Structures are given as structure tokens and as C-alpha cells.
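Colleague: Would you be able to build a 3D model of this:
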Amino acid sequence: MRRIARTFRRLGSCEKGSVAVEFAFIGLLLIAGSLIAIDFGRAFYLYNKVSNAMDRAARKSLVFNTSNEQLVAEIMKDFPTLVTTDPSQYPDEIPKVTVTEDTGFRSVKADVIFRPVVPAFVSDTFTMSLTRRFPKAA
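Modeller: Numbering: from 1, shown residues only. Below you'll find the model as predicted:
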């Protein structure tokens, strides 16, 4: 009986392995935080890439009076070429561009599906939408 009590007392005061347990808790948070930061960076990069492509296409449309197809082609120039021409078949992170014309104005909308690395913290995918409205060239 005394021997068992001595063994439990010794195990209660032993600190071997405590660093590994602490790192297991803290390391999990650090890795999850790093993956979330990478996701935010990727989303911000993709948003800026689509935004710059839309701005460039709007400037070109105002200067050269381009058609809607040329406007969409100018936006898609920054993204990899696609095998399909059907927008419902586009892979993720390729914008789906729609152009609508009003009297004197054009509205360009780009929807981008973003799939994060850590889907547990956010939904599996989410859609970023960008819209630009600019006057038609004379």
C-alpha cells in the first residue's frame, strides 16, 4: 500500500512531458491562426486582382469604346484560360463576369467563388462580388 502511495506522489510531482502538453495546446492555436491568416491573404489578393482587372477594363472601355465581349475578355486576361465557355462550368477563383447596359452607363459585375484552406472556421465556399458602374464612351 505504501509503495502505491509513493508511486502516485512521485508521479504528481513529476514535470516531465509538461512542455509537450503545453505545446500541443498552444501549437494547435498557432497553426490554426497561421492558416486563417493565409486564407485572408489569399482572399485579399484575389479581390485586388479582380478589382484591378475591372478597373483596367473600364478605362479601356472609356478610351476605346469596346464592346461587352471585349470588356469581359479584358477582365479575363488576368486569369488562366478555360477549356469551357459555359460560365456554370468555371472552376473556383475564376470570375463570372456579367455586363448590363443602362442608358448612358454600363454595369460590370464579377462574382468569384473563394474556397478557404480552413473550411471549419468559415463555410465551405463563399462568393465575393465586385461591381463597377461607368459611363459609356461617346
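Colleague: where does residue 117 land in three-state SS?
Modeller: Assigned with DSSP: H, G, I helix; E, B strand; the rest coil, residue 117 falls in the coil class.
Colleague: ignore the last one, residue 137
Modeller: Assignment for residue 137 (three-state DSSP): coil.
Colleague: Quick check: the gap between it and residue 63.
Modeller: Going from residue 137 to residue 63 by C-beta to C-beta, to the nearest Å gives 7 Å. Yep, even glycine has a C-beta here, placed from its N, CA and C like the rest.
Colleague: Can you pick out the residue with more neighbours from those two?
Modeller: When neighbours are counted by other C-beta atoms under 10 Å, residue 137 and residue 63 differ, and residue 137 comes out ahead with 12 against 9.
Colleague: For that one, list the residues it contacts.
Modeller: Neighbour list for residue 137: 61-65 [criterion: C-beta atoms under 8 Å, 6 or more residues apart in numbering].
Colleague: ok, now which ones touch the most centrally placed residue in the chain?
Modeller: Among the residues of the chain, the one closest to the centroid is residue 43, at 2.8 Å (C-alpha atoms, centre = their mean). Residues near residue 43 by C-beta under 8 Å, 6+ apart: 114, 116, 128.
Colleague: what comes into contact with the helix or strand residue 73 falls within?
Modeller: With elements taken from DSSP states H and E, the one containing residue 73 is helix 68-76. Contacting residues not belonging to helix 68-76 are listed as 50, 53-54, 56-57, 60-61, 66, 94-95, 97, 99, 101, 106, 108, 110 [C-beta under 8 Å, 6+ apart].
Colleague: For the contacts of residue 137, which single residue is the most surrounded?
Modeller: residue 61 leads those on contacts (other C-beta under 10 Å) with 23 neighbours.
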